[in-house]
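Engineer: Below is the structure, and that's it, no one-letter string:
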């Protein structure tokens, strides 16, 4: 099984407000239900020696994606997961055949646990984003968008570790050089915004944003691409993210992770930047516990 | 506000299994989140005298659609709704400005209540499906599909009262005469199946299928179109419907009503009829209470 060429939807409702098409790239319909399958698939296929299996740390989607890609090739995948990761993401990892190892919260705890396992088994580390093969894989998402629609004015991409944003910027520079590529980040986890403006890699801290997929900080490789190729980074508040999330679920009828709501919130808050011009938004994933969705009454605060 | 030209998605996952594209027409992203907006909009615009307002009976989606279309034209809409209709549908009617009147369960109770209100206010009755203007409006959905994709082998359409199925068949005969149009019906509410095979309008009884939008029976006008223009009608069990519903929500990440799961269940159960040929499925609506979605573990029984 290869990764999917996912649907690109034009939302009639958002297009009406944007006064030009708003396209949604549905990576929630991707293999393992997130764009992470693209990077994992590319990295697994680029492996020179896979006999000891692979290992990674991940809040969930990269772990499920690596498990899926590894299993497709008959390779063992070890995934270090923080104990507070959403249950649906942990179950996805197990479903795709990944071996789950729990660790404490925070980046240091994850990396320590991972190194302990690796010391025993000598698995190849496939990092979630700070890796050329991962970035190359993520670039296929924006490439598909540009292959279908030629005149995208602005591409809005969530930024956590920066793998998807780097890949999107690379794809745009090659396939659609006039498209502005904008990173979209929670204000509560604004290391990419700070790094982009200071010119040096800023520490992420331990952010607690509801956009749990975007709590990680940039890496040196992704920051290199973002610094030189991304047009700008905008941040939005937790309230903006929540309102956008509730709106997309109730009015676009798409199941998306809170992280995916971030570019919708940016689209709305900076509407005057692109109103009248075609915009594309990458919906990065759909792995959420459906027992805890926002109520309908909260969906009317967005527009 | 006009009705939306809704997105037509090609599902990569279903296409893989179908060995040819499976297209999903997303009426859950239509105005009022169901295809019913098309018929209501067309009927309201065709009104000769609207000064007394309009009235209808509806399990919910037609009521919301008529309220929306009427409000767009500054007309009052009275909607008779069974007490056991889903709460989200009732709230939609009120949100779009409709005046809700409750009645008991069953077709007779609704019609009695409606006639009592009409005796006072002389509102124009806009029935949910058995009406030429409604059918003409519903036909625009399939027309949009055929305008985008030329070689649809089979179009799968849920059938309750038969308005959408009639409109789809009319559209196919005009715009895509080689396309087979198939009605998809719960076995628990199989009056269309029985009528199609006996050649006379059969009584629906009081069905209790989970596909609550499909509990109504055909009308004489819709039966006339279905008898002469529809290729076949297939039924599926409640378990098939539930499995398909859970699958679409968890794996296609689309919020759909249980009624919309019926054509997915038919697609799966009769796969050998169209495997290797392009299929289109109309997703009729997305108005459900999100507090009661199927758990993820139930989503693996479909494929």
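Structural biologist: In hand now; what should we look at? Since the structure is predicted, the reported quantities are computational estimates derived from the model, not experimental observations. Numbering: from 1, shown residues only, chains lettered A, B, ... in the order given.

Engineer: Give me the secondary structure label for residue A:85.
Structural biologist: Following DSSP: H, G, I helix; E, B strand; the rest coil, we place residue A:85 in the coil state.

Engineer: neighbours around the residue of the stretch 101-250 of chain A at minimum distance from chain B, how many?
Structural biologist: Going by C-beta to the nearest C-beta, chain B is nearest to residue A:249 of the stretch 101-250 of chain A, at 7.0 Å. Where C-beta positions appear, they are placed from N, C-alpha and C, glycine not excepted. Using other C-beta atoms under 10 Å in any protein chain shown, residue A:249 has 22 neighbouring residues.

Engineer: From residue B:255, how far off is the residue lying closest to it once chain neighbours are set aside?
Structural biologist: Excluding the flanking residues, the one nearest residue A:249 by C-beta to C-beta, 6 or more residues apart in numbering or on different chains is residue A:293, at 6.1 Å. According to C-beta to C-beta, to the nearest Å, residue A:293 and residue B:255 sit 9 Å apart.

Engineer: Show me which of these two is the more surrounded one.
Structural biologist: residue B:255 (26 against 18).

Engineer: related to what we said a few turns ago, shared neighbours of residue A:293 and residue B:255, anything?
Structural biologist: Residues within reach of residue A:293 and of residue B:255 at once, by C-beta atoms under 8 Å, 6 or more residues apart in numbering or on different chains, are A:249, B:290.

Engineer: coming back round to it: where does the residue nearest to residue A:249 fall, phi/psi-wise?
Structural biologist: When read as degrees, to the nearest 10, the backbone of residue A:293 gives phi -90, psi 160.

Engineer: residue contacts, it?
Structural biologist: So residue A:293 contacts A:249, B:290, B:291, B:293 (C-beta under 8 Å, 6+ apart).

Engineer: Tell me if I'm right that the first one and residue B:255 touch.
Structural biologist: Yes - the criterion here is C-beta atoms under 8 Å, and residue A:249 meets it with residue B:255 at 7.0 Å.

Engineer: buried ones in stretch A:227-241?
Structural biologist: Along stretch A:227-241, these residues count as buried under the neighbour rule (16 or more other C-beta atoms under 10 Å in any protein chain shown): A:229, A:230, A:233, A:234, A:235, A:236, A:238, A:240, A:241.

Engineer: List the buried residues in the helix or strand harbouring residue A:223.
Structural biologist: According to DSSP states H and E, residue A:223 maps onto helix A:220-229. Residues of helix A:220-229 classed as buried: A:221, A:222, A:223, A:225, A:226, A:229 (neighbour count, 16+ other C-beta under 10 Å).

Engineer: Just list what the helix or strand bottoming out on mean pLDDT in chain A packs against, helices and strands only.
Structural biologist: Ranked by mean pLDDT, DSSP states H and E, the helix or strand of chain A with the weakest confidence is helix A:87-95, at a mean of 85. Counting contacts by 3 or more C-beta pairs under 8 Å, 6 or more residues apart in numbering or on different chains; DSSP states H and E, helix A:87-95 is packed against helix A:61-72, strand A:77-82, strand A:99-103.

Engineer: Contacts for it, please.
Structural biologist: Under C-beta under 8 Å, 6+ apart, the answer for helix A:87-95 is A:32-33, A:58-61, A:63-64, A:67, A:79, A:81, A:100, A:287-289, B:296.

Engineer: Would you mind checking the residues you listed for buried ones?
Structural biologist: A:32-33, A:58-61, A:63-64, A:67, A:79, A:81, A:100, A:287-288, B:296.

Engineer: how is chain A carved up into domains?
Structural biologist: A:8-33+A:131-300, A:36-125 (automatic domain parsing).

Engineer: out of these, deepest packed?
Structural biologist: domain A:8-33+A:131-300 (a mean of 21; mean count of other C-beta atoms under 10 Å in any protein chain shown).

Engineer: for the record, mean pLDDT for that domain?
Structural biologist: The predicted model assigns domain A:8-33+A:131-300 a mean pLDDT of 97.

Engineer: near chain B, which residues of the stretch 201-303 of chain A?
Structural biologist: Contact residues, the stretch 201-303 of chain A versus chain B (C-beta under 8 Å from any C-beta of the partner chain): A:249-256, A:286, A:290-291, A:293, A:295-296.

Engineer: Repeat the analysis, applying 6 Å as the threshold.
Structural biologist: With C-beta under 6 Å from any C-beta of the partner chain as the criterion, the stretch 201-303 of chain A meets chain B at residues A:253, A:255, A:286, A:290, A:293.

Engineer: Any chance of CSV for the residues you listed, columns distance to residue B:199?
Structural biologist: CSV is the format used below for these (distance: C-beta to C-beta, whole Å):
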residue, distance to residue B:199
A:253, 38
A:255, 43
A:286, 46
A:290, 44
A:293, 46
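
Engineer: Widest-spaced pair of those residues?
Structural biologist: A:253 and A:290 (13.4 Å; C-beta to C-beta).

Engineer: Which strand or helix spans the residue lying farthest from the centre of chain A?
Structural biologist: For chain A, the residue at maximal distance from the C-alpha centroid (C-alpha atoms, centre = their mean) is residue A:120, at 30.6 Å. Per DSSP H and E: residue A:120 is located in helix A:107-121.

Engineer: pLDDT of that helix, averaged?
Structural biologist: Mean pLDDT, computed over helix A:107-121, is 91.

Engineer: now that helix and strand A:99-103, what's the angle there?
Structural biologist: 140 degrees (axes from the mean of the first three to the mean of the last three C-alpha atoms, to 10 degrees).

Engineer: ok and helix A:107-121 relative to strand A:77-82, angle-wise?
Structural biologist: Computed by the same axes, to 10 degrees, the angle separating helix A:107-121 from strand A:77-82 equals 150 degrees.

Engineer: From the chain's centroid, how far away is the host helix or strand of residue A:157?
Structural biologist: Using DSSP H and E, residue A:157 sits in strand A:154-158. Centroid displacement of strand A:154-158 relative to its chain, using C-alpha atoms, centre = their mean, to the nearest Å, is 11 Å.

Engineer: Run through the neighbouring helices and strands of that strand.
Structural biologist: For strand A:154-158, the elements it packs on are helix A:163-175, strand A:180-186, helix A:261-269, strand A:279-283, judged by 3 or more C-beta pairs under 6 Å, 6 or more residues apart in numbering or on different chains; DSSP states H and E.

Engineer: Give the pairing partners of it; include direction for each.
Structural biologist: Next to strand A:154-158 in the sheet, as set by DSSP bridges, lie strand A:180-186 (parallel), strand A:279-283 (parallel).

Engineer: per-residue confidence at residue A:59?
Structural biologist: 68.

Engineer: Kindly report the same for the one 3 residues further on.
Structural biologist: In this prediction, residue A:62 carries a pLDDT score of 94.

Engineer: got the contact list for it?
Structural biologist: A:36, A:128 (C-beta atoms under 6 Å, 6 or more residues apart in numbering or on different chains).

Engineer: Now do the least confident helix or strand of chain A against strand A:77-82: the angle between them, please.
Structural biologist: 160 degrees.

Engineer: any idea how far helix A:87-95 is from the chain center?
Structural biologist: 17 Å.

Engineer: now the angle between helix A:61-72 and it, please.
Structural biologist: 20 degrees.
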